[in-house]
Structures are given as structure tokens and as C-alpha cells.
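1. Okay, sequence plus prediction incoming.
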2 protein chains.
Amino acid sequence: MNTPTLAEPATPSFSPLYQQIKTLILQSLQAGEWKPGEPIPSEIDLAARFRVSQGTVRKAIDELAAENLVVRRQGKGTFVATHAEQHVQYRFLKLVPDSGDTAAEGPAERTIVDCRRQRASAEVARALALRTGDPVLQVRRVLAYRGVPTILEDLWLPGTPFKGLTAERLRASRGPMYAMFETEFGVRMVRAEEKIRAVLPDAEQAVLLDVAAGMPLLSVERVAHTYHDTPMELRRGLYRTQTHHYRNELG
Amino acid sequence: MNTPTLAEPATPSFSPLYQQIKTLILQSLQAGEWKPGEPIPSEIDLAARFRVSQGTVRKAIDELAAENLVVRRQGKGTFVATHAEQHVQYRFLKLVPDSGDTAAEGPAERTIVDCRRQRASAEVARALALRTGDPVLQVRRVLAYRGVPTILEDLWLPGTPFKGLTAERLRASRGPMYAMFETEFGVRMVRAEEKIRAVLPDAEQAVLLDVAAGMPLLSVERVAHTYHDTPMELRRGLYRTQTHHYRNELG
DNA sequence: TAGTGGTCTAGACCACATA
DNA sequence: ATGTGGTCTAGACCACTAC
């Protein structure tokens, strides 16, 4: 049975069955049919639902798993990925202590410096696919390790999806900020890209990080995306790299 | 037929058939049975050789392709990956112009500053899995874009595999250095990890990069590995990031 | 015991490249 | 026309998890 009940593309654009299945599953993920941390239906159930073989569903899920959108667990099922219970917390944070001993260090102490509504500058609007002047939230916070302020972050979030976000709610939440975004606002970050430079701090940044004005710092500019590559956060981090470094793997 | 003619592991460590096939193919790659850029045998041939089904070979190759060790080309075959003819030249170089217009920029002008034999310091020895005092080669070069010196690199290479490498041969070679390593020394880099920091240049570095002593620079320390995770190069790069940035993707 | 994902096979057909 | 990798199916069995 090689004629699935799915709509066949008209003429020029063919796409393998499993790609179409993948798109359908993605749509359900985005629509929130299954929430982060929850299991999605079994491969057999999905195969019946889409009228394809289990192997085809399998290949679709393989790709979703490779993109970290779902997590397979043998014997249990396939689960919607989440920033919360992931054994690797802070999935997007690549700054690690030089000793490599992440465990001994423990989580960072976090201080919310600021959280305010404002209007998007041209630059912020471009990064978030908004129009200049659209409402955005700006957050500034400091992360410290063993009492040493090490990361200064400025975040810009689109106002509409994050309506109701305040400094109090940020202070109240435990764990990764991205996990809170999922549970409180239904926004799941799936991909990000970073531009990294070496810079000097301005006067205010130097005070917040407790460094001299001439201290070189890592500038990490991140745009994080939710499903379908929709940008949902612009983040600028300043990292002290005397005791930590940004770790990257090249394949 | 579910009893392949391969040696079954004794007791505790099971491993799927396709993983064993993958290991065997890897060994042939490492042994140089097929050279970079050449095709490996077809899936059907490999299946016959290993006495398994074509689907099992396929899954093994899938993983090798995911790790960038081979490249599949529909209708043509599967080829040993190479740093040379890869349409993405300089696979391990993540520094890109802020404009994003890589093509307009063209390749960097390269100047070999130095190439000398020396003995491994404790630090270099540790990175390259050698013993302190073992012979190594050190290379220093500058990469410039449009006449602006932008990257200063120091490399340390183990002396034995790279015997015969001289400044002249480096200057004579076109294209990526890693491509030359493949053709001239049979050393193929497959994976690398980088530690990134923000630093200030010392006096000599400042001169070579034509920057002031207080200019923050990106320090990129890379260890590149060949097959079986054998470290074969330690490289320290200093990047100017006024017109360029280090680009990274987070999944 | 039942259900899940993981492995392995065998065969059919498709899309692409080359001669 | 032939050979390559790419897709899809169907069914068998294994390994892990939970009840």
C-alpha cells in the first residue's frame, strides 16, 4: 500500500512520506497537543493515525529526536523534550569552569537586576521579527559562581507571548529560565544561534561584574527560536573568562 | 538468518550488529583502505562482505555520515569525507564577517611566520597525549582578510606523523591546512573541541595583529582529533572581532 | 504479562547519475 | 540500461519498563 491518504503535493515539490509525517508531528507539538515532558503516542498509534507503516513513523521521530525536539526512552515511550527535567540543565549555556568539574560548582546564584516593559528598538525588532516600537520586555540579571559575579545578561522578549512576566515571577522561579518559559508561558526554545566577540565592559557593566574597565570579556549575543524558527528571545551575555571558558565541539 | 558470522561478545557487553559493522568500516577508514575523497564500496557490496543485510550496513553508514566521516551522494555512492573538496571549506573555522557575506570576502591571505622543531612542554604533551620532551613542530601564522591581519595562530603538531613538515611546504600549499595534512601526511582531522576566552594580546601578538595592547581578542584553543579520538593538533588562535565574529549554533 | 522502543531482515519501488 | 543511494513496507525478534 504505497498510496497514503495524505495530500500529495501538486507538481514540483515532492517530499518523502516520513518528512510529511514529521511535519504533522511537529504541528501537533507546536499546537501543544502534547506538553513538554509528556509522552507522545507510541509509534504504532501514530502509524495507525497517519495510515503509514511503523517504520515510516520511526524515521520521522528519528529526525525529531536528532533535533532534540523529542527524547526516546526505551521501554517507556517518546517524550516531548523540555528544558526542565533534562539531566543536562542549562542546555544552551556553554560556559564551564576551567577545572571541568561542573558538578562540584553547583548552580549559579542568580540576581534579577531589572525587568521593564519598553518599546523595541530597530535592532531588537529586527532580531525578534517585530516592528520598531512594538512592546518588548527587557530583563537584566547577574549570575554568580561561589559568590563571584561571572555572567551579566540582558534579555529582550516579545511583549505579547510574555505578557505578565515580572521581576517577582523571575525571582520566584527555580531552575533554568527556559524551563519557566515553558511552564508559565508555553514558549519552548528549540534552537539558538550565537555571535561571540571579545569586548571591554562599559562603566555600568564593569560595576555589575566587579571587574576593571580594561578587563576583556566574552560577548555572547544569542537569538533563541521556538518551533518553525520563530525568534522569541534576544540575549546578550557578558562572560568573565578568567576561571571559566566557553566550550564548543566541532564535528 | 539472525546469526551473523561475526564474533559475538563474550558475556557482558552486547552491541548491535550495525554498531559492529560501523566499527569495522571505521577500521578500514583509519587503515586507509579508502582514501579521502574516494568512494567506499556500495552498501550491497559491504553487506555481502560482512554477511549482513543491506539495511544493517545502511544504518552503520547513517551514523558515520552523521559524524561527517563519510558523505553520501545519491546515485553516485558514499565517499570518504575530506577537508579539501568540501564545498564548506575551512570546516573548523567559525569566524565569519559581521556582514555574513562570506563569499564576497574570499579566502584569507596567509603568512607563515614561523615553523620550528622543538620539544613538547608539559602542557603541549598533555594535549597531544605525548610525553614531555617528545619532538613536536610549532607553526605560527597570520591570516588576513582584505589586507587586515585578523587571526594569529600557533599550532603544535606531534613530530612523528608530521616528519618533514617545513615552512616552505606550508607556504607552497593552497587551500585549507587540514586538506594538506590529509594529502601530504595521511592525517585526517575528524573532530575538535575548542575553549574560548577573551584576552589581551602580549606585545609580540599585538604587533603581529597590528592592534593596541588594550584591544580585547578572542582566544580560541583547539584540540583536533583524528580517528579513534587521537589528538593530533593543538592550536591557539587569537581572533580580532571588530569586523568578524565567532558563529555558533545551539541545538 | 503486556507494551514500548531497538534491531534486523527481505523485498519492492523511486530518484539520481553515468555510460 | 545499469548501478547507486533513498524510501517504504511488513514481520520477526530483542531489551527494557511497568504492573
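-> Received, thanks.

2. rest of the way, CA atoms for contacts and neighbours
-> OK.

3. which of the residues in stretch A:197-213 are buried?
-> The neighbour-count criterion (16 or more other C-alpha atoms under 10 Å in any protein chain shown) identifies A:197, A:198, A:199, A:200, A:201, A:205, A:206, A:208, A:209, A:211 as the buried residues of stretch A:197-213.

4. Report the buried residues of the helix or strand bottoming out on mean pLDDT in chain A.
-> Averaged element by element with mean pLDDT, DSSP states H and E, chain A has its least confident helix or strand at helix A:102-105 (a mean of 72). By 16+ other C-alpha under 10 Å, helix A:102-105 has no buried positions at all.

5. Next secondary structure after it?
-> Using DSSP states H and E, the helix or strand that follows helix A:102-105 towards the C-terminus is strand A:109-119.

6. Pull that following strand out as CSV, backbone CA atoms only.
-> Output for strand A:109-119, consisting of C-alpha atoms alone and laid out as CSV, is shown next (Å, rounded to 0.1, in the frame of the first residue of the first chain):
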residue,chain,number,x,y,z
GLU,A,109,23.3,32.2,42.2
ARG,A,110,21.0,34.5,40.2
THR,A,111,20.2,38.1,40.8
ILE,A,112,17.5,39.9,38.8
VAL,A,113,18.8,43.4,38.3
ASP,A,114,16.0,44.8,36.3
CYS,A,115,12.8,43.9,34.4
ARG,A,116,10.9,46.5,32.5
ARG,A,117,8.5,47.0,29.6
GLN,A,118,9.7,49.1,26.8
ARG,A,119,9.4,49.6,23.0
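
7. Starting from it, tell me which strands it pairs with and how they run.
-> Strand pairing for strand A:109-119, determined by DSSP bridges: strand A:135-145 (antiparallel).

8. Taking strand A:109-119 as reference, get the angle to the following helix or strand past the partner strand.
-> Scanning forward in sequence from strand A:135-145, with DSSP H and E defining helices and strands, the next element found is strand A:148-158. When axes from the mean of the first three to the mean of the last three C-alpha atoms, to 10 degrees is applied, the directions of strand A:148-158 and strand A:109-119 differ by 30 degrees.

9. Tell me the helices and strands packed up against strand A:148-158.
-> helix A:122-128, strand A:135-145, helix A:203-209, strand A:230-239 (3 or more C-alpha pairs under 8 Å, 6 or more residues apart in numbering or on different chains; DSSP states H and E).

10. what distance separates it from the centre of its chain?
-> In terms of C-alpha atoms, centre = their mean, to the nearest Å, the gap separating the centre of strand A:148-158 from the centre of its chain is 15 Å.

11. Identify each buried residue in it, please.
-> Across strand A:148-158, burial judged by 16+ other C-alpha under 10 Å covers A:149, A:150, A:151, A:152, A:153, A:154, A:155, A:156, A:157, A:158.

12. got the residues of chain A near DNA strand C?
-> Where chain A comes near DNA strand C, counting by C-alpha under 7 Å from any atom of the strand, the residues are A:40-45, A:72-78.

13. Apply 10 Å and report the result again.
-> Chain A comes close to DNA strand C at residues A:1-2, A:13-16, A:39-47, A:54-55, A:57-59, A:61-62, A:65, A:71-79, as judged by C-alpha under 10 Å from any atom of the strand.

14. List the ones among the residues you listed that fall in helices.
-> The members of the residues of chain A next to DNA strand C that map onto helices under DSSP state H are A:43-47, A:54-55, A:57-59, A:61-62, A:65.

15. and residue A:141, how many neighbours?
-> 19 (other C-alpha atoms under 10 Å in any protein chain shown).

16. Run through the bridge partners of it.
-> When assigned by DSSP bridges, residue A:141 has beta-bridge partners residue A:112, residue A:153.

17. In contact with it, which residues?
-> When the contact criterion is C-alpha atoms under 8 Å, 6 or more residues apart in numbering or on different chains, the partners of residue A:141 are A:110, A:111, A:112, A:113, A:114, A:152, A:153, A:154.

18. wait, is residue A:20 part of a strand?
-> No - remark: residue A:20 does not belong to a strand; assigned using DSSP: H, G, I helix; E, B strand; the rest coil, it is helix.

19. Neighbours of it, how many?
-> 18.

20. Give me the distance between it and residue A:122.
-> Spatial separation of residue A:20 from residue A:122 under the definition C-alpha to C-alpha, to the nearest Å is 37 Å.

21. same deal with residue A:45?
-> Applying C-alpha to C-alpha, the value for residue A:45 to residue A:122 is 47 Å.

22. Repeat that for residue A:29.
-> If you go by C-alpha to C-alpha, the gap between residue A:29 and residue A:122 works out to 32 Å.

23. Look at residue A:72 and say how many residues are nearby.
-> Each residue near residue A:72 was counted by other C-alpha under 10 Å, and the total is 17.

24. pLDDT value on the nearest residue to it once chain neighbours are set aside, please?
-> With C-alpha to C-alpha, 6 or more residues apart in numbering or on different chains as the criterion, residue A:72 has its nearest non-adjacent residue at 4.4 Å, and that residue is residue A:78. We have a pLDDT of 95 for residue A:78.

25. same thing with residue A:14?
-> In this prediction, residue A:14 carries a pLDDT score of 74.

26. For it, grab the count of nearby residues.
-> Count around residue A:14 with other C-alpha under 10 Å applied: 10.

27. what does residue A:26 give?
-> Summarising burial for residue A:26: neighbours were counted as other C-alpha under 10 Å, giving 18.

28. Could you tell me which residues of the stretch 101-250 of chain A lie near chain B?
-> Within the stretch 101-250 of chain A, the positions lying close to chain B (C-alpha under 8 Å from any C-alpha of the partner chain) are A:190-200, A:214, A:216-218, A:240-242, A:245-250.

29. Can you pick out the ones from those that are in strands?
-> Using DSSP state E, the subset of those located in strands is A:191-199, A:217-218, A:245-250.

30. rewinding a little: pick out the most distant pair among the buried residues of stretch A:197-213.
-> Taking C-alpha to C-alpha as the measure, the buried residues of stretch A:197-213 reach their widest spread between A:197 and A:208, a distance of 19.4 Å.

31. quick revisit: ok, so what distance separates the residue nearest to residue A:72 from residue A:71?
-> According to C-alpha to C-alpha, residue A:78 and residue A:71 sit 6 Å apart.

32. now residue A:157
-> Here the distance between residue A:157 and residue A:71 works out to 27 Å (C-alpha to C-alpha).

33. do the same with residue A:152
-> Applying C-alpha to C-alpha, one obtains 31 Å for the distance of residue A:152 from residue A:71.

34. just residue A:244 next, same as before
-> Applying C-alpha to C-alpha, one obtains 30 Å for the distance of residue A:244 from residue A:71.

35. higher neighbour count, the two?
-> Comparing residue A:244 with residue A:71 by other C-alpha under 10 Å, the one with more neighbours is residue A:71, at 22 against 19.

36. Quick one: residues contacting that one.
-> Contacts for residue A:71 (C-alpha under 8 Å, 6+ apart) come out as A:65, A:78, A:79, A:80, A:81.

37. Residue B:166: which of those residues is nearest?
-> Taking C-alpha to C-alpha as the measure, residue A:65 is the one of the contacts of residue A:71 closest to residue B:166, at 46.0 Å.

38. Pull the contacting residues for that closest one.
-> A:71, A:72 are the contacts of residue A:65 under C-alpha under 8 Å, 6+ apart.
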